[in-house]
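>>> here is the input, now give the coordinates:
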Amino acid sequence: MNKISASARRKILKDHKEWISTDKEEGGRAHLNDADLNKADLNSVNLGGADLRRVHLSDASLILADLNSANLGYADLSGANLCGADLRFADLRRANLSEANLSSVHLNKANLNGADLSGADLRGTNLNKADLNSASLSGANLSKADLSGVNLSKADLSGADLRGVHLNKADLNSVNLGGADLRRAHLSDADLWFADLRRADLRCAHLKKADMSDAKLSCANLSGADLRDVNLGNSDLRHANLRKSNLRKTNLRDADLRGADLSGADLEGVSDLNIEQLSKVNTLSKAKLDTELMKQVKEEYSHLFASCSAVTKTAKTAVKLWTKAELSTLKKEYPKTDTQKLAKKMKRTLEAVRFQAKKHGLKKTKSYMQSLYDHYADK
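Prediction:
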């Protein structure tokens, strides 16, 4: 980590500003790679196109900063305030942006491959066509963000707030969206092949023509969702809530519907749906089916069409309450321990540990985050 004096920093910023204003003919490009700028006040600074690889900007203030096309690969921006900043085309590969304020930031076509954005505030952020392949966004707030055309393949979005986001045509192949809030999200034509959506909230989500084949949707809430022309082949929909959802012309080949609630769902024109699959659902009360299939099901499983009040409610999965001892262990070990290892040790799901940590305001220590940074930097 390179220490830079205030006077040296002012000169670097002045030369860079001249370099930009003269179309790179005078002054000089800012090279601040590995510089120590933690907690620095850099509001409205112009560092467009600067070399900021591995720079340390933890808890720095970069409100309305111009970082267009800057190279911030492996940079530490944890806890930084970048509200309204311009990061279009920026290289942020493997950067640490955990707990950062990125609300209303412009990240169009930015490279965030493998970046850590866990717990970050991304409300109203423009991520159009950004590359977030393998990025960590667990617990991040992305409500009303524009994620159209974004690449989120293999990203971790577990527990993230994605209410009303625009993810039309997004690449969400193998993404982890377990427990995520996707109410009224726009996911038309999105690639959700092999996506993990267990316990996700997808109420009234727009999923028309999305590819959700082999997706994990057990216990997901899809009530009122638009699932027209969706490919749900070989998907896991056990105990999913599909009340009043629109499944017209959807592909349900080999989909597991055990315990699913299909009351009021529109299943007309569905392809590759058979009576064996329907025999295992929880209810079909007021559901719409093609005439021939409706006749078969009523003849053999008429009880499935009983009114909702008469249907025995599916037993809710027992919630294992956290004990005082577990919470004490969590508060003691979470700040300095790998979350996945801690979850395994406590015999809890990763989502459960992250939820409790967020609920109790727990954060990773600076030394732990630095060790992560050093680990990735050495690779």
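>>> going forward, measure contacts and count neighbours with C-alpha atoms only.
Fine.
>>> sketch out the low-pLDDT regions of the stretch 251-379 of the chain for me.
Where the stretch 251-379 of the chain drops to pLDDT under 70, the residues are 307-320, 373, 376-379.
>>> what about the helices in it?
275-278, 291-300, 324-333, 339-346, 350-359, 366-377 (DSSP state H, counting those that start in this stretch).
>>> A30: which of those is closest?
Taking C-alpha to C-alpha as the criterion, helix 366-377 is the member of the helices of the stretch 251-379 of the chain that comes nearest to A30, at 21.1 Å.
>>> ok, which stretches of the stretch 1-150 of the chain are helices?
Under DSSP H, counting those that start in this stretch, the stretch 1-150 of the chain gives helices at 6-21.
>>> okay, the helices of the stretch 251-379 of the chain, which one's buried deepest?
Ranked by mean neighbour count, the helices of the stretch 251-379 of the chain are led by helix 350-359 with a mean of 17 (mean count of other C-alpha atoms under 10 Å).
>>> what residues does that helix touch?
Contacts with helix 350-359, where a contact means C-alpha atoms under 8 Å, 6 or more residues apart in numbering, come from G139, S158, G159, G178, G179, L330, K331, Y334, T339, Q340, A343, K363.
>>> roughly how far apart are the second one and L177?
Separation of S158 from L177 (C-alpha to C-alpha, to the nearest Å) stands at 5 Å.
>>> could the helices of the stretch 251-379 of the chain be laid out in TSV, adding distance to A90?
As requested, the helices of the stretch 251-379 of the chain are exported to TSV (distance: least, C-alpha to C-alpha, whole Å):
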stretch	distance to A90
helix 275-278	49
helix 291-300	54
helix 324-333	35
helix 339-346	29
helix 350-359	29
helix 366-377	18
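>>> for L77, find the nearest of those helices.
The nearest among the helices of the stretch 251-379 of the chain, by C-alpha to C-alpha, is helix 366-377 at 10.8 Å.
>>> report the contact partners of L237.
Here L237 is in contact with K216, L217, S218, C219, A220, A255, D256, L257, R258, A260 (C-alpha under 8 Å, 6+ apart).
>>> just the closest of the residues you listed to G84, please.
For these, the nearest to G84 is A220 (34.1 Å; C-alpha to C-alpha).
>>> thought the closest one was touching A240?
Yes - with contact defined as C-alpha atoms under 8 Å, A220 reaches A240; the gap is 4.9 Å.
>>> just the buried residues out of the contacts of L237, in ChimeraX syntax.
To isolate the buried members of these in ChimeraX, using 16 or more other C-alpha atoms under 10 Å:
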select :216,217,218,219,220,255,256,257,258,260
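>>> so can I have a markdown table of the contacts of L237 showing distance to V230?
Formatted as a markdown table, the contacts of L237 follow (distance: C-alpha to C-alpha, whole Å):
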| residue | distance to V230 |
| --- | --- |
| K216 | 14 |
| L217 | 14 |
| S218 | 17 |
| C219 | 19 |
| A220 | 16 |
| A255 | 12 |
| D256 | 15 |
| L257 | 15 |
| R258 | 19 |
| A260 | 17 |
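>>> any idea how far C83 is from the closest residue to A145 other than its chain neighbours?
Leaving aside its chain neighbours, A145 sits nearest to G124 (4.2 Å; criterion: C-alpha to C-alpha, 6 or more residues apart in numbering). Distance, G124 to C83, by C-alpha to C-alpha: 10 Å.
>>> what do the two both touch?
With C-alpha under 8 Å, 6+ apart, G124 and C83 have common neighbours S103, S104, V105.
>>> before we move on, the earlier item: who has more neighbours, G124 and C83?
The neighbour count for G124 versus C83, taken as other C-alpha atoms under 10 Å, is higher for C83 (23 against 20).
>>> could I get the contacting residues of the residue nearest the centre of the chain?
For the chain, the residue nearest the mean C-alpha position is L157 (2.7 Å; C-alpha atoms, centre = their mean). Applying C-alpha under 8 Å, 6+ apart, one finds that L157 lies in contact with S136, L137, S138, G139, A140, V175, N176, L177, G178, A180.
>>> turn those residues into TSV, columns for pLDDT.
Converted to TSV, the contacts of L157 look like this (pLDDT from 0 to 100):
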residue	pLDDT
S136	95
L137	95
S138	91
G139	90
A140	93
V175	93
N176	94
L177	94
G178	92
A180	92
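>>> turn those into TSV, including neighbour count and distance to D290.
Output for those, formatted as TSV (neighbours: other C-alpha atoms under 10 Å; distance: C-alpha to C-alpha, whole Å):
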residue	neighbour count	distance to D290
S136	27	43
L137	28	41
S138	27	41
G139	26	41
A140	24	42
V175	25	34
N176	28	34
L177	28	32
G178	25	33
A180	26	33
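>>> what is the nearest of these to N231?
V175 (16.6 Å).
>>> pretty sure the closest one is touching L137, no?
No - look at V175 against L137 with C-alpha under 8 Å: they stay out of range, at 10.6 Å.
>>> now do the shared contacts for the two.
Taking C-alpha under 8 Å, 6+ apart as the contact rule, V175 and L137 both touch A155, D156, L157.
>>> burial count for the second one?
Read that as D156. 26.
>>> OK, contacts around N113?
L92, R93, R94, D131, L132, N133, S134, A135.
>>> pull up the gap between the fourth one and L52, please.
Same thing as D131. 19 Å.
>>> same check on D66?
Taken as C-alpha to C-alpha, the span from D66 to L52 is 13 Å.
>>> what's the answer for A140, then?
Using C-alpha to C-alpha, A140 is found at 24 Å from L52.
>>> now the contacts of helix 350-359 as a markdown table including distance to G149?
Formatted as a markdown table, those follow (distance: C-alpha to C-alpha, whole Å):
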| residue | distance to G149 |
| --- | --- |
| G139 | 21 |
| S158 | 20 |
| G159 | 21 |
| G178 | 21 |
| G179 | 23 |
| L330 | 37 |
| K331 | 38 |
| Y334 | 35 |
| T339 | 30 |
| Q340 | 30 |
| A343 | 33 |
| K363 | 31 |
